[in-house]
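**Q** Okay, sequence plus prediction incoming.
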Amino acid sequence: MKSVSKHLQLLRPTWSYFFSSLASPSNEPASRLLNLCYQRDLPRAMSLLDGMEKRGIRADAITYSELIKCCLAHQAVTQGRRIHHHIFSTGYPPQTFVINTLLNMYVKFNLLEEAHTLFDEMPERNVVSWTTMISAYSNAKLNYRAMRLLVFMFREGVMPNMFTFSSVLRACERMCHLKQLHSCILKVGLESDVFVRSALIDVYSKLGELMEALNVFREMVTADSVVWSSIIGAFAQHSDGDEALYLYKSMRRVGFLADQSTLTSVLRACTSLSLLELGRQVHVHVLKFDQDLILSNALLDMYCKCGSLEDAKFIFNRMAKKDVISWSTMIAGLAQNGLSMEALNLFEFMKVQGPKPNYITILGVLFACSHAGLVNEGWNYFQSMKNIYGIDPGREHYGCMLDLLGRAGKLDDMVKLIHKMNCKPDVVTWRTLLDACRAHQNVDLATYAAKEILKLDSQDTGAYVLLSNIYANSKRWNDVAEVRRAMRVKGIRKEPGCSWIEVNKKIHAFILGDKSHPQIAEINGQLNQFISKLTGAGYVPDTNFVLQDLEGEQREDSLRHHSEKLAIVFGIMSFPREKTIRIWKNLKICGDCHIFAKLIAKLEQRYIVIRDPIRYHHFRDGVCSCGDYW
């Protein structure tokens, strides 16, 4: 005890000097400066700093760091530069962590060149300095600079940490570089870090290597929801909804709760697979993240693309905050589901109450015009893109306008617009013209459009099929045979029409001529009964949609078993009258099946929704939402 007491007595003069120095007038301004920084009172803090500089008083590193953070809080670039000058003008070399704080300030202000100049001037750079710059370049999509800095970092003997790797991985654009980085991560033992694994999964996914991403995920037991979210998001973003949903179920099975990011990915998977009932189940989990804008937009998109506009309108109307994505999604959803005038009215309301329309918004508006035959309105909106909103029309906008003109039979105007486009016509452009030629039976122009498609892609199945259909509608069977012969020589096969329906959580698919369904005999028998009833009520099969050289009853019989009709009948057999029958198709619905769906909906008092690759058709009381214009 005496020994300890003796040592304390020897130290007492030192402690006295320390505390007296804190209370001395020379340090009082620095203390007040720190308090002002904590209060985020930047004007008074800068005024006090000027006074200190005149009196030659220097603050400590903590105070300067807090002062820089105060500038960040106020987005005060000029004051930040002033502090930078002050720190380096006092004759004392600032500590590395203070320079790192300045570096971070310039990065946050998006002044990357000034940040790099400061970085180059640093007498000593630690892992934080390097990571700050690498992360800045990665976030700015200056990927080459980020990758090059990592090389220099290794050369200076500074070892990257988990934040460095997770930042530089997102700047990786080539598989060879990614493999090298992955190898480095394994060597330094950071492969188990949550953020590094998540970044590895994201980048493998971005480069299209989903199985490599899955291998990273499966390399060790996953004990963090961030990694689960990354792998689920990877498959959802690449339209592999089945695998994304399987992984989500596995995640829940092992006890992890889904966050906003995971739920957004799961909703995206439900959207891609049109799984409305599963989407509704996910909606229950979304409720605990009330008013989350990203999740609300994902829900809105899911309901629109699954054809449930009642739910979509409910979500849209209760959103406390709506951004341009919300408005654009709702406008496009209304248009895609046949409510074009509602879509245009909502757009007019958006111009008054909502955010400024963007590229996607106008695309939805033009889609609405296209599927309602509003040629004049479509032209006005198309011309207003650049004049009013400063948006240059893209290939998709031209596509909508071409579709609009084609549906209206203005084939010459289509050709003129194609030649005026500010981008080179692609296969989709020429196919739009070819489809319009089929609808309006212009064989010569169709031949021209088909040749343009085949110049760009000699294996394009759609061009051969559409041209064959056009010849068939014109009864030019020799030309049909020639096209079919060319398809056989090139090994091109027409994709068969397929319709599918979900019953009791099981998908039932139907294809013309396929008798593999266990209830096909019962379905065909019921279909024949419905056709007999409808025929008595005036239904006449539209044989214009028979694309083969058949005669009389053969032509009508070939229409009888189209996949849409089989799926509709199976839905009627499987569901009670009050349940909506929802059917999906891989090809555009044919005109005869469209007539059949309208009549059977009225006869059986059913609500039938059919989704083809372009839009939804809602059949009720003998009427379709498309107004017979599709």
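**A** It's in.

**Q** Packing partners of whichever strand or helix holds residue 463?
**A** Residue 463 is located in helix 461-473, with elements delineated by DSSP states H and E. With contacts defined as 3 or more C-beta pairs under 8 Å, 6 or more residues apart in numbering; DSSP states H and E, the packing partners of helix 461-473 are helix 427-440, helix 443-456, helix 477-490. C-betas here are computed from N, CA, C, even on glycine.

**Q** Which of the ones you listed sits closest to residue 125?
**A** Proximity to residue 125 (C-beta to C-beta) singles out helix 427-440 among the helices and strands packed on helix 461-473, at 51.0 Å.

**Q** helices or strands up against the closest one?
**A** helix 395-407, helix 411-420, helix 443-456, helix 461-473.

**Q** Present these as CSV; the columns should include distance to residue 572, mean neighbour count and mean pLDDT.
**A** Below are the helices and strands packed on helix 427-440 laid out as CSV (distance: least, C-beta to C-beta, whole Å; neighbours: other C-beta atoms under 10 Å; pLDDT from 0 to 100):
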stretch, distance to residue 572, mean neighbour count, mean pLDDT
helix 395-407, 31, 22, 94
helix 411-420, 40, 15, 94
helix 443-456, 38, 18, 91
helix 461-473, 30, 21, 84
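
**Q** Make TSV out of those helices and add distance to residue 265.
**A** Listed next are the helices and strands packed on helix 427-440 as TSV, based on distance: least, C-beta to C-beta, whole Å:
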stretch	distance to residue 265
helix 395-407	25
helix 411-420	38
helix 443-456	35
helix 461-473	31
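
**Q** quick revisit: any idea how far the helix holding residue 463 is from the chain center?
**A** From the chain centre to the centre of helix 461-473 is a distance of 33 Å (C-alpha atoms, centre = their mean, to the nearest Å).

**Q** And for stretch 573-591?
**A** 27 Å.

**Q** pLDDT averaged over it - what is it?
**A** For stretch 573-591, mean pLDDT rounds to 91.

**Q** Between its first and last residues, what's the separation in that stretch?
**A** In stretch 573-591, first residue to last residue: 23 Å (C-alpha to C-alpha, to the nearest Å).

**Q** buried set for that stretch?
**A** The neighbour-count check on stretch 573-591 (16 or more other C-beta atoms under 10 Å) flags 581-585, 587, 589-590 as buried.

**Q** State the mean pLDDT of stretch 55-68.
**A** Stretch 55-68 comes out at a mean pLDDT of 85.

**Q** Any idea how far apart the tips of that stretch sit?
**A** Span of stretch 55-68 from end to end, C-alpha to C-alpha: 21 Å.

**Q** If you count neighbours, what's buried in it?
**A** 57-59, 63-68.

**Q** what's the answer for stretch 605-618, then?
**A** 606, 608-612, 614-618.

**Q** The residues you listed: which two are farthest apart?
**A** Top of the distance list for the buried residues of stretch 605-618 (C-beta to C-beta): 606 and 614, 22.8 Å.

**Q** where does the stretch 401-550 of the chain have low pLDDT?
**A** 542-550 (pLDDT under 70).

**Q** what residue is smack in the middle of the chain?
**A** Nearest residue to the geometric centre of the chain (C-alpha atoms, centre = their mean): residue 237, 7.2 Å.

**Q** picking up where we left off before, could the buried residues of stretch 55-68 go into a markdown table alongside distance to residue 360 and secondary structure?
**A** Output for the buried residues of stretch 55-68, formatted as a markdown table (distance: C-beta to C-beta, whole Å; DSSP: H, G, I helix; E, B strand; the rest coil):
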| residue | distance to residue 360 | secondary structure |
| --- | --- | --- |
| 57 | 56 | coil |
| 58 | 54 | coil |
| 59 | 50 | coil |
| 63 | 48 | helix |
| 64 | 46 | helix |
| 65 | 43 | helix |
| 66 | 43 | helix |
| 67 | 43 | helix |
| 68 | 39 | helix |
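
**Q** now those residues in TSV, with distance to residue 270?
**A** Shown next, in TSV, are the buried residues of stretch 55-68 (distance: C-beta to C-beta, whole Å):
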residue	distance to residue 270
57	63
58	61
59	56
63	53
64	52
65	47
66	47
67	50
68	46
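
**Q** Nearest to residue 628 among these?
**A** residue 68 (66.6 Å).

**Q** My read is that the closest one contacts residue 106, right?
**A** No. The criterion here is C-beta atoms under 8 Å, and residue 68 misses it with residue 106 at 10.0 Å.

**Q** Spit out the residues that contact these two alike.
**A** residue 80 (C-beta atoms under 8 Å, 6 or more residues apart in numbering).

**Q** Counting neighbours, which bits of stretch 237-249 end up buried?
**A** 237-238, 240-241, 243-245, 247-248.

**Q** Nearest to residue 535, out of these: which one, please.
**A** Among the buried residues of stretch 237-249, and counting by C-beta to C-beta, the member closest to residue 535 is residue 241, at 40.4 Å.

**Q** my guess is that closest one meets residue 278, correct?
**A** No. The criterion here is C-beta under 8 Å, and residue 241 misses it with residue 278 at 9.8 Å.

**Q** Could you check the angle the helix holding residue 463 makes with helix 427-440?
**A** Interaxial angle, helix 461-473 versus helix 427-440 (axes from the mean of the first three to the mean of the last three C-alpha atoms, to 10 degrees): 10 degrees.

**Q** what are the C-alpha coordinates of helix 461-473, in PDB please?
**A** C-alpha atoms of helix 461-473 as PDB (Å, rounded to 0.1, in the frame of the first residue of the first chain):
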ATOM      1  CA  THR A 461     -39.300 -19.000 -85.400                       C
ATOM      2  CA  GLY A 462     -41.800 -16.200 -85.100                       C
ATOM      3  CA  ALA A 463     -41.200 -14.800 -88.600                       C
ATOM      4  CA  TYR A 464     -41.700 -18.200 -90.200                       C
ATOM      5  CA  VAL A 465     -44.800 -19.000 -88.200                       C
ATOM      6  CA  LEU A 466     -46.400 -15.600 -88.800                       C
ATOM      7  CA  LEU A 467     -45.700 -15.700 -92.500                       C
ATOM      8  CA  SER A 468     -47.100 -19.200 -92.700                       C
ATOM      9  CA  ASN A 469     -50.200 -18.000 -90.900                       C
ATOM     10  CA  ILE A 470     -50.600 -15.100 -93.300                       C
ATOM     11  CA  TYR A 471     -50.300 -17.300 -96.300                       C
ATOM     12  CA  ALA A 472     -52.800 -19.700 -94.700                       C
ATOM     13  CA  ASN A 473     -55.400 -17.000 -94.100                       C
END
